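# quick one: sequence plus predicted model below, questions after.
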Amino acid sequence: MDNKIHVGYYNLQDKKVFTKHFSYARWYENIEVEPQQIPVYGEFKYHECSPEDKGKKLKDFPGITFSVEGTIVGSDFTSCFCGNPIGKGKIDEEVGKKSRYHQQAYCHAVASNILEGKGNIELLPEFEARRIDFIYDGKPNHTYGIFLK
C-alpha cells in the first residue's frame with residue numbers, strides 16, 4: 001500500500017465469513033473474521049476535479065480497500081479438467097489455518113452508502129462523502145465522491 005492513505009474503518013460488528021476466490025472459479029477459502037475495526041485505505045486523484053477540489057478527491061478505482069486476517073472455516077482446491085473434478089479432491093484441507101481477505105469498493109458506492117446511512121464504513125473526521133452534481137448530455141446527473149475536508 002505504498003501510496004495509500006488511511007481514510008477510515010470498516011466496522012465489523014459480528015463474526016463474518018468472507019469468501020476469497022482464486023484464479024480457478026471453483027477454488028475458494030471461507031475465512032471467518034472476528035468483530036473489529038478494520039482500517040480502510042484510499043488514494044488521492046490529481047486530475048478531473050474542480051479547481052477547488054484538486055488533490056482532495058480520492059480515486060474512484062481502486063477505491064476504498066482493506067485487508068483482514070481470519071481463520072479458514074471451509075475451502076475447496078480440487079483439481080479439475082474441463083470443469084470436472086479429477087483425483088481425490090482437496091476439500092476443507094485448509095480449515096483451521098490463517099489466511100487474509102482483501103476487499104475493494106468504488107469510492108462513489110461507499111460515499112453513496114455513507115450519505116444514505118448504509119454500510120459499515122466510517123470515514124476519519126478529516127474526510128467527507130459528497131454528492132457531485134453535473135450536467136451530461138444536457139441532463140442533470142449526479143455521482144458521489146470522498147474528499148479531504
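That came through fine.
# which positions in the longest strand belonging to the chain come out as buried?
Scanning the chain for the longest strand, with DSSP state E as the assignment, gives strand 64-76. Within strand 64-76, the residues that count as buried by 16 or more other CB atoms under 10 Å are I64, T65, F66, V68, G70, T71, I72, S75, D76. (C-beta placed from N, C-alpha, C; glycine too.)
# buried sites along stretch 77-87?
F77, T78.
# who's in contact with that stretch?
If you take CB atoms under 8 Å, 6 or more residues apart in numbering as the criterion, stretch 77-87 is touched by F22, Y24, R26, W27, G89, K90, I91, E93, E94.
# now neighbour count too, for those, in JSON lines please.
Below are those laid out as JSON lines (neighbours: other CB atoms under 10 Å):
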{"residue": "F22", "neighbour count": "12"}
{"residue": "Y24", "neighbour count": "13"}
{"residue": "R26", "neighbour count": "13"}
{"residue": "W27", "neighbour count": "16"}
{"residue": "G89", "neighbour count": "13"}
{"residue": "K90", "neighbour count": "14"}
{"residue": "I91", "neighbour count": "13"}
{"residue": "E93", "neighbour count": "13"}
{"residue": "E94", "neighbour count": "19"}
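# so which of those residues are in strands?
Among these, no member falls in strands (DSSP E).
# what about the helices in the protein?
107-115 (DSSP state H).
# hey, which helix or strand in it has the poorest pLDDT?
strand 44-45 (a mean of 73; mean pLDDT, DSSP states H and E).
# against Q103, how distant is the residue of the chain most remote from its centre?
Relative to the centre of the chain, and counting by CA atoms, centre = their mean, the farthest-placed residue is G87 at 35.1 Å. G87 sits 32 Å away from Q103, going by CB to CB, to the nearest Å.
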